[in-house]
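Asks: Give the three-dimensional model of this entry:
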Amino acid sequence: MEKKESGHDFDNALQLFLDSFLDAHPESTWPSWFRKCTTYGGHRATGHFSTFSFTAIPISALGPGELCEETEDGGYVLARTAMETRVKRYVISNAPSDVITIFEASIDVAMKRVFIVLDRKLSTIDGAGLLPLQR
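Replies: Below you'll find the predicted structure:
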């Protein structure tokens, strides 16, 4: 019988992902925009595999009347103003389709192996064209 992946396994997979990212991109090589304009996340895939990625969102993903506003807690929130009424609303959940994947890996937590799916050179990304995601 196969053991189901626990939350601990997912945490281990995340750590393997982060370690592999740091091996490929030591913190001393990160551009100034990296911390502010990227986020990472992952999900369980099939079997013992999980997939993780670092992503960024280009400013061009904003629609008409949309902008990012800094929050009191140091984050950012999407604000959308209706053009016809000028009423501003804050978007709680929005997943733009125009996302830049910077680094993606599939992790086999059982074998402690990392399979890099995508690895972009950070120097090829224009940080001025990215939305801030955190302070």
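Asks: what's the distance between the strand or helix carrying Tyr90 and the middle of its chain?
Replies: Using DSSP states H and E, the secondary-structure element containing Tyr90 is strand 88-91. Relative to the chain's own centre, strand 88-91 is displaced by 22 Å; criterion: CA atoms, centre = their mean, to the nearest Å.
Asks: other SSEs contacting it?
Replies: Secondary-structure packing of strand 88-91 (3 or more CB pairs under 8 Å, 6 or more residues apart in numbering; DSSP states H and E): strand 76-81. All C-beta spots, glycine's among them, are computed from the backbone N, C-alpha and C.
Asks: In this structure, where is pLDDT below threshold?
Replies: 1-7, 93-97 (pLDDT under 70).
Asks: just so I have it, where are all the strands in it?
Replies: 39-44, 49-56, 66-70, 76-81, 88-91, 100-108, 113-119 (DSSP state E).
Asks: Could you report the neighbour count for Cys68?
Replies: 16 (other CB atoms under 10 Å).
Asks: how close does it sit to Val91?
Replies: Remark: distance between Cys68 and Val91 (CB to CB, to the nearest Å) = 10 Å.
Asks: Report the separation between Glu69 and Thr39.
Replies: 17 Å.
Asks: which residues does the residue lying closest to Cys37 once chain neighbours are set aside form a beta bridge with?
Replies: Spatially, and ignoring its direct neighbours in sequence, Cys37 is nearest to Leu130 (4.0 Å; CB to CB, 6 or more residues apart in numbering). Legend: beta-bridge partners of Leu130 under DSSP bridges are Pro58.
Asks: re the thing from before, quick check: neighbours shared by Cys68 and Val91?
Replies: Shared contacts of Cys68 and Val91 (CB atoms under 8 Å, 6 or more residues apart in numbering): 77-79.
Asks: could you dump the residues you listed to JSON lines with neighbour count?
Replies: Output for these, formatted as JSON lines (neighbours: other CB atoms under 10 Å):
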{"residue": "Val77", "neighbour count": "14"}
{"residue": "Leu78", "neighbour count": "20"}
{"residue": "Ala79", "neighbour count": "14"}
